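> Quick one, what's the 3D model for this:
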Amino acid sequence: MCGIAGILTTDRLDEQSVARMIGPIAHRGPDDQGIWIDADAGVGLGHRRLSIVDLSPAGHQPMISHNGRWVLNFNGEIYNHPELKAALEQDGAVPEDGWRGHSDTELFLEAIATWGLEETLERSAGMFAFALWDRKMRTLSLVRDRFGEKPLYYGWVGKDFLFGSELKALRAHPGFDNAIDRQALSLFASRTNVPAPLSIYERIFKLPPACILTLTPEAFRKRGPLLPKPYWSYRDVVERGLARPIADEEEALEQLELLLAQAIAGQSMADVPVGAFLSGGIDSTTVCAIYQKYSGVPIRTFSIGFDDAGFDEAPFAKRVAEYLGTVHNEHYVTVREAREVIPLLPAMYDEPFADSSQIPTHLVSRYAREQVTVALTGDGGDELFGGYRRHVQAPWLWQRLKKVPRPLRAMAGRPLAAMPHLGSKLRKGFALAGARSFDEVSEVFYDMWYPEPSPMIAGDPVMSANDIDAPDAVRIMYRDAVDYLPNDILTKVDRASMAVSLETRVPFLDHRVAEFAARVPLDLKVRSGSGKHLVRELLYGLVPRDMIDRGKAGFALPVGAWLKGSLRSWAEDLLPRTNDYFDAQIVRRRWQDHLSGRRDYTEGLWAILMFQAWLQGLADNRK
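Residues are numbered from 1 along each chain as shown. Here you go, the predicted structure:
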């Protein structure tokens, strides 16, 4: 895993211009630094390396292909690179001077030189974000993996085109003065993340997952909007899966274990120590159970616990680890230790981000990094196999609502939603009585302020499109996979782990597992009011049922209570006092409602506080 950055410019270019960009992302790659420049072409590529496969100088980047045409600036891992190597050798594409080393970057680059970019992407299994410079055609291609596990920002700063793994690399450009994008901020305020392709800044974008952005000399001269091109479509995958479902549950169980074992085998390959996060939940337990089953030695697992029993899953993780026979490591986090992470978050996430589980994710990453450089996680299982409550609740609710004439249910729901001392979920439920469509029902599960409007001034958020013809439950799972997963879950894990130079890998998001999951019929995902039926059935064969049959706890912390107590003075210092971005009067009124217990505004207020803390951090850095 690494950090990358680069620039295309018509101005004079030297190594210092690129070094300035990769300096702020050194945490993504503390083991090596590389800079490649073609001053005549006005292109500079910078790389910070976290050495995982081939620790020798043969893995140094940016890397030039053996034929001299291509320059690759690569962040990620190609898990099936041994297969790519075998295929290249079978095609007679071995470099005349032999392989430099055994890095996946070299194999991937030579595959591009032999088969072309799109065919190589189709044949590769991995996670990545990279820049590819064609020295012959003078074109720059930016590429991101299928689900968006690795980040990549790009855009214009003045007349220069920049890209980087994190926004801080772009902000290091001396001419950076891009304004805050109010549309992006409005979406963040309601959803707690800035969704791709937007970033918090105007003219700066996130490359969407599964896309290639090609900058030709002509496009660079015009300096206009750029259109990424998809090379893989999860929508197509889901639609093909619906048309060709797996009917037999036993066959599905056998295939799921085989594919996960294949993914874990590829993702556990490294020349550095590897472990796995184990929360005791279904997904991480499944990954660890299969990992241990096919491992010749005890694997290393990591979990964290909390003194508050309502948020502590460490005992469940410990029971699982003891049963599996892993080398288990657990660390109990004090409230003080968790709160001390909060001031670090604005710089860690680099643009406003407000999923409060970012705190424990960083803490478990920091703890695991003491022993390993790579950790496997259970992320992705919920989105692919129907694990969130909304996958059950939203379709169930809409099926009942639409049977009642809308004017009647709207009339009944409005006064109930206005009642004081209601929990946020009940309030949303009553307010939904007037919904016109399933998409309107499902949108509520992502809007932190609903049913009240966001206090954001201007730039109202736009409802996300859910353009797939499928049953309601599949539609909301699809949205989670293409929206919530990359913009929230994967962003959270990437920044929390890379801040301590830990690479995380996600077996559930191997595209072969995802393509299989799309063929699993809905009744094998959601059954009897519970999700992930097929994954549960697989896990029952690996771990005793009583270890895993319990409610979904998530990775939450009592942030709402902290805001009323130990974090109150911190929060009140940050709350907006002027109407620059938020209506300060509305925010203060909702803050008082939260303190009094009349309303629970935890998620919405946390988003505002994270934005204010981020804004303050920018101001402090300019001093």
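> how many neighbours does residue 480 have?
Residue 480 has 23 neighbouring residues, counting by other CB atoms under 10 Å. Bear in mind the C-beta positions are built from the backbone N, C-alpha and C, glycine included.
> right, and it touches residue 389 too?
No - using CB atoms under 8 Å, residue 480 is not in contact with residue 389; the gap is 11.7 Å.
> how about stretch 104-119: buried residues?
Residues of stretch 104-119 classed as buried: 104-115, 117 (neighbour count, 16 or more other CB atoms under 10 Å).
> Columns secondary structure and pLDDT on top of those, output as CSV?
Formatted as CSV, these follow (DSSP: H, G, I helix; E, B strand; the rest coil; pLDDT from 0 to 100):
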residue, secondary structure, pLDDT
104, helix, 95
105, helix, 96
106, helix, 96
107, helix, 96
108, helix, 97
109, helix, 97
110, helix, 96
111, helix, 97
112, helix, 98
113, helix, 97
114, helix, 97
115, helix, 97
117, helix, 98
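> And those, which is closest to residue 39?
Set against residue 39, the nearest of these by CB to CB is residue 109 (22.5 Å).
> Which neighbouring residues are in contact with the closest one, exactly?
Shown in contact with residue 109 (CB atoms under 8 Å, 6 or more residues apart in numbering): 63, 65, 70, 72, 74.
> swap in residue 43?
The neighbourhood of residue 43, defined by CB under 8 Å, 6+ apart, consists of 6, 7, 8, 13, 37, 133, 138, 140.
> Most neighbours among these, please name it.
Result: residue 6 is most packed of the contacts of residue 43 (other CB under 10 Å), 28 neighbours.
> Pull up the gap between the residue nearest to that residue when sequence neighbours are not counted and residue 124, please.
Leaving aside its sequence neighbours, residue 6 sits nearest to residue 45 (CB to CB, 6 or more residues apart in numbering; 4.5 Å). Residue 45 sits 21 Å away from residue 124 when distances are taken as CB to CB, to the nearest Å.
> Neighbour count: those two, which is higher?
Legend: neighbour count by other CB under 10 Å for residue 45 and residue 124, higher for residue 45 (27 against 23).
> Pairing partners for the helix or strand hosting the more buried one, with directions?
Counting by DSSP states H and E, the element that carries residue 45 is strand 43-49. If you go by DSSP bridges, strand 43-49 pairs up with strand 2-8 (antiparallel), strand 32-38 (antiparallel).
> and the closest residue to residue 24 other than its chain neighbours, helix, strand or coil?
Spatial nearest neighbour of residue 24, excluding adjacent residues (CB to CB, 6+ apart): residue 168 at 4.1 Å. At residue 168, secondary structure determined by DSSP: H, G, I helix; E, B strand; the rest coil is helix.
> I'd guessed residue 168 sits against residue 350; true?
Yes - using CB under 8 Å, residue 168 is in contact with residue 350, at 5.3 Å.
> When those two are compared, which one has more neighbours?
The neighbour count for residue 168 versus residue 350, taken as other CB under 10 Å, is higher for residue 350 (25 against 19).
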